[in-house]
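Student: Have a look at this prediction, sequence included:
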Amino acid sequence: MTDDPAKGRWLMLVLVRLAGAAGAFFGLLLIGRAQALEPKLLGMAIVLSALVMIATVPRALARRWRTPEP
């Protein structure tokens with residue numbers, strides 16, 4: 001059986017999305033449990049950056065791996 005690069009690329013896309021979701025969850029947890037303003041702001045920044053990561057990194061990877069047109 002040959003190694004298919006598409007399987008590895010698919011796994012990378014899924015792992016990036018899961019990492020972003022975990023980061024967003026961590027940020028929400030931080031927002032919910034924080035008493036002071038600074039940790040809440042940090043949690044908001046983590047959530048926003050995780051959402052941006054979920055939206056942009058998989059698309060950029062897919063574009064990078066796209067087969068060039070002839």
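Tutor: Received the coordinates, thanks. Quantities reported herein were computed from a predicted structural model and do not represent experimental measurements.
Student: quick one: the strands in the protein?
Tutor: Ranges of strands within the chain: none, based on DSSP state E.
Student: Okay, now the unreliable bits of it?
Tutor: 1-2 (pLDDT under 70).
Student: Distance-wise, check the most centrally placed residue in the chain relative to residue 57.
Tutor: Nearest to the mean C-alpha position of the chain, counting by Cα atoms, centre = their mean, stands residue 20 at 2.9 Å. Between residue 20 and residue 57 the computed distance is 7 Å (Cβ to Cβ, to the nearest Å). C-betas here are computed from N, CA, C, even on glycine.
Student: now do residue 45
Tutor: For residue 45, the distance to residue 57 (Cβ to Cβ) stands at 17 Å.
Student: go on, residue 65?
Tutor: Separation of residue 65 from residue 57 (Cβ to Cβ) stands at 12 Å.
Student: cool, residue 66 as well?
Tutor: According to Cβ to Cβ, residue 66 and residue 57 sit 15 Å apart.
Student: Just want to know which of the two has more residues nearby.
Tutor: residue 57 (16 against 8; other Cβ atoms under 10 Å).
Student: Contacts only, for the nearest residue to that one once chain neighbours are set aside.
Tutor: Nearest non-adjacent residue to residue 57, counting by Cβ to Cβ, 6 or more residues apart in numbering: residue 16, 5.1 Å away. Residues counted as contacts of residue 16 (Cβ atoms under 8 Å, 6 or more residues apart in numbering) are 53, 54, 57, 58, 61.
Student: Tell me which stretches of the chain form helices.
Tutor: 5-33, 37-65 (DSSP state H).
Student: Give the buried residues for stretch 10-27.
Tutor: The neighbour-count criterion (16 or more other Cβ atoms under 10 Å) identifies 13, 16, 20, 23, 24, 27 as the buried residues of stretch 10-27.
Student: let me fix that: stretch 45-63
Tutor: Within stretch 45-63, the residues scored as buried using 16+ other Cβ under 10 Å are 46, 47, 50, 53, 54, 57, 58.
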